[in-house]
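>>> Need a 3D model of the following:
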Amino acid sequence: MTLEVDRNVEIARATAPFRSSVMQIEPGWIDYNGHLNMAYYNVLFDRAIDQIWSELGIGLDYLNTRGGSTFTAECHVRYLREIHLGDPVQVTVYIIAADEKRIHTFEELRHAEEGWLSATSENMSVHVDMASRKVAPFPDDLRATITRVAAAHRDAPQPEGIGRSIAMPSKRAATAR
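Next up, the predicted model:
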């Protein structure tokens, strides 16, 4: 197990922040406005999280062998530029923070060839013991891996938008413009 954890840490550190494989937009994901429907941004973000979770040792194999998984507890998506059919995309994942039961991530969806930012997603995931279906601490070996990778990600330049909240502009701010 230690060799596998060490390999995962080396992979994640070498690619801090984590970059997903390049993904293609599926025709059924395009809505009547001619762009990617908002629901499928979350599919793309989720596929990228599945990739990094697998590297961290908390993916499908972890569920099947050790009975743990993660659930998304909170999500904030910003849609910044349209994505269309034929646009290749890639997601960058930053582990912003982690503790014994939670992982705070920030993802950026970019056009894979041109590099422009299409959307961001900020998430709080919780670790769940699937036998009890209750939030539980990560096993020590995995928590150590996640903590080391989070530290490596904190050393990378941080993207704009982390910690934003949604609200109507104040009247005072609107009149000052």
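>>> what stretches of the protein score poorly on pLDDT?
1-15, 173-177 (pLDDT under 70).
>>> buried set for the longest helix along the chain?
Looking across the chain with DSSP state H, the single longest helix is helix 38-56. Under the neighbour-count criterion of 16 or more other Cβ atoms under 10 Å, helix 38-56 has 40-42, 44-46, 48-49, 51-53, 55-56 buried. From N, CA and C alone the C-beta is placed, and that goes for glycine too.
>>> and that helix, what other elements does it pack with?
helix 2-14, strand 18-19, helix 60-66, strand 68-79, strand 88-98, strand 102-111, strand 117-129, helix 140-155 (3 or more Cβ pairs under 8 Å, 6 or more residues apart in numbering; DSSP states H and E).
>>> and these as CSV, adding distance to residue 29 and mean neighbour count?
As requested, the helices and strands packed on helix 38-56 are exported to CSV (distance: least, Cβ to Cβ, whole Å; neighbours: other Cβ atoms under 10 Å):
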stretch, distance to residue 29, mean neighbour count
helix 2-14, 29, 14
strand 18-19, 21, 21
helix 60-66, 23, 13
strand 68-79, 14, 16
strand 88-98, 11, 21
strand 102-111, 13, 22
strand 117-129, 13, 20
helix 140-155, 29, 17
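>>> nearest to residue 31, of those?
Residue 31 lies closest to strand 68-79 among these, at 12.2 Å (Cβ to Cβ).
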